[in-house]
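Enquirer: just a sequence and a predicted model for now, questions to come.
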Amino acid sequence: MAWSSIIGQEAAKHLLQQAFLHHRISPAYCFWGPEGVGKDALALEFAKLLNCRASRSTKTGVEACDECPDCRRATQLEHPAIRFIFALPPPAKARNDSSPLLGLSDDQISALREELRRKAENPYHNISLPNALQISIALIRDLQRTLAMAPPSHGRRVVILSEADRMSAEAANACLKTLEEPHDDVVFILTTSRREQLPLTILSRCQQIYCPPLPDEVLIPALRQRHHLSEVEARLIAAFAQGSYAQALLLIEHDLLALRQRALALLRTTLKPQRFRQELLHLIDELSSLDNPSHIEFLFKLLLLWLRDALLLQHTGTEELLFNVDHRDTLRRFLQRFPHADIPAMLAAIDSVLSLLYRHVNLPLLLLTALLRCRHAATPSLHPGEPDALPIGP
């Protein structure tokens, strides 16, 4: 992995490369920002650069060679000078304090190895282990014992505390003590999406680097190039991902185009001028019987995006910022069919479903109420004799 494989974050990349080139490496960093924007990826790449034996100059700075033994071990998360620390589950058996791993069961060790393998393959992967709620004091004590050993003959030891805000109070105190007594050859990198939950005493000892959400103009091309998505798919995924590449990777597993068609079929039925009630109740019963709120959430978020595009066209007439770029003609026909539609009221009705979906509510009643509000906002008075089929769809 080279700097170019990290999506966006150009300011952070430049700062770290300049620190390396000018020998101004801070003893401790805190990479903070939303989840899934590349904080761990930056930390791992910087750690590799600090231990590369043949770093090379580039047009923008410097990068690891990716070929020497140190780079290969770092890429596989197996470099002895790089410690990648994250929350572990509580021990399943009596633990020997010499290593927190000794208390884990065989199943836990197997799951841990699989998560590390996935992290090595994809630095954006969010390591998730059952019951792994915090970074314990045992992990920090084990780290302290390691740091007391002789330093490597080449490079620097790098400690990456992933999701550092998950340190227990005791672990945070122990970490602070280590930061207060820095080693010349050790670089600490804390990553967090909840910076406010880290003690100020720890933050004050770190150079803080903000990693912002990835803008659509960066995320969409990355999705298209890396995952061979169409422009439409990439735009829809980016709209849901909200600047997080890790979230985008999860969304790729869903067929958003098929879900969009189902969402629009629901809207089409809702807006039929006549004989819509039985069909609409049937669709609502189908959705309610799935017992899968996340599926309904996706459907209604896709409706929000589609109606948002309709509102954009209604007020500006421009197509440049549409998420549903392949539906530009359909959206225009919708506006012709409902020239007086109160789209903000329709959006509010859809949003009411999303805000109440995970509460203890009568789901069929919630869906029916919201969709009837949409119908009223789109057509305050339906005129007899209008066709049953509305032009919503490709």
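Expert: Now that the structure is in, tell me what you want to look at. None of the values given here were measured: they were computed from a predicted structure. Numbering: from 1, shown residues only.

Enquirer: what segments of the stretch 151-300 of the chain are strands?
Expert: Secondary structure of the stretch 151-300 of the chain (DSSP state E, counting those that start in this stretch): strands located at 157-161, 186-192, 207-210.

Enquirer: want to throw the ones you listed into TSV with mean neighbour count?
Expert: To be clear about C-beta, it is placed using only N, CA and C from the backbone, and glycine gets the same treatment. As requested, those are exported to TSV (neighbours: other C-beta atoms under 10 Å):
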stretch	mean neighbour count
strand 157-161	25
strand 186-192	25
strand 207-210	16
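
Enquirer: closest to Cys71 out of the ones you listed?
Expert: Ranking the strands of the stretch 151-300 of the chain by proximity to Cys71 (C-beta to C-beta) places strand 157-161 first, at 13.4 Å.

Enquirer: tell me what that closest one is packed against?
Expert: Using 3 or more C-beta pairs under 8 Å, 6 or more residues apart in numbering; DSSP states H and E, the elements in contact with strand 157-161 are helix 39-51, strand 82-85, helix 137-147, strand 186-192.

Enquirer: tabulate those (JSON lines), appending mean pLDDT and distance to Ala258.
Expert: Shown next, in JSON lines, are those (pLDDT from 0 to 100; distance: least, C-beta to C-beta, whole Å):
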{"stretch": "helix 39-51", "mean pLDDT": "94", "distance to Ala258": "31"}
{"stretch": "strand 82-85", "mean pLDDT": "92", "distance to Ala258": "38"}
{"stretch": "helix 137-147", "mean pLDDT": "87", "distance to Ala258": "44"}
{"stretch": "strand 186-192", "mean pLDDT": "94", "distance to Ala258": "35"}
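
Enquirer: how about the ones you listed, which one is nearest Ala171?
Expert: Closest among those, using C-beta to C-beta: helix 137-147, at 4.7 Å.

Enquirer: elements contacting the closest one?
Expert: Using 3+ C-beta pairs under 8 Å, 6+ apart: helix 137-147 touches strand 82-85, strand 157-161, helix 169-180.

Enquirer: what residues does the last one touch?
Expert: For helix 169-180, the surrounding residues in contact (C-beta atoms under 8 Å, 6 or more residues apart in numbering) are 27-28, 134-137, 139-141, 143-144, 147, 161, 164, 167, 188, 198-199, 201-202, 205-206.

Enquirer: how about a cut-off of 6 Å?
Expert: For helix 169-180, contacts defined as C-beta atoms under 6 Å, 6 or more residues apart in numbering pick out 28, 135-137, 140, 199, 201-202, 205.

Enquirer: cool, the shortest one as well?
Expert: Taking contacts as C-beta under 6 Å, 6+ apart, the residues outside strand 82-85 that touch it are 47, 74, 77, 139, 158-161.

Enquirer: hmm, 7 Å instead?
Expert: Around strand 82-85, the neighbours that count as contacts under C-beta atoms under 7 Å, 6 or more residues apart in numbering are 47, 51, 74, 77, 135, 139, 143, 146, 158-162.

Enquirer: can you give me the helices for the stretch 1-150 of the chain?
Expert: Under the criterion DSSP state H, counting those that start in this stretch, the stretch 1-150 of the chain contains helices at 10-21, 39-51, 69-75, 106-121, 137-147.

Enquirer: winner for burial among the helices and strands packed on helix 137-147?
Expert: Compared across the helices and strands packed on helix 137-147, strand 157-161 shows the largest average neighbour count, a mean of 25 (mean count of other C-beta atoms under 10 Å).

Enquirer: can you list the strands that that one pairs with?
Expert: strand 82-85 (parallel), strand 186-192 (parallel) (DSSP bridges).

Enquirer: redo those strands as TSV? Include distance to Leu116.
Expert: Below are the strands paired with strand 157-161 laid out as TSV (distance: least, C-beta to C-beta, whole Å):
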stretch	distance to Leu116
strand 82-85	8
strand 186-192	16
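
Enquirer: quick one: which of the ones you listed is nearest Asp255?
Expert: With C-beta to C-beta, the closest approach to Asp255 among these belongs to strand 186-192: 31.9 Å.
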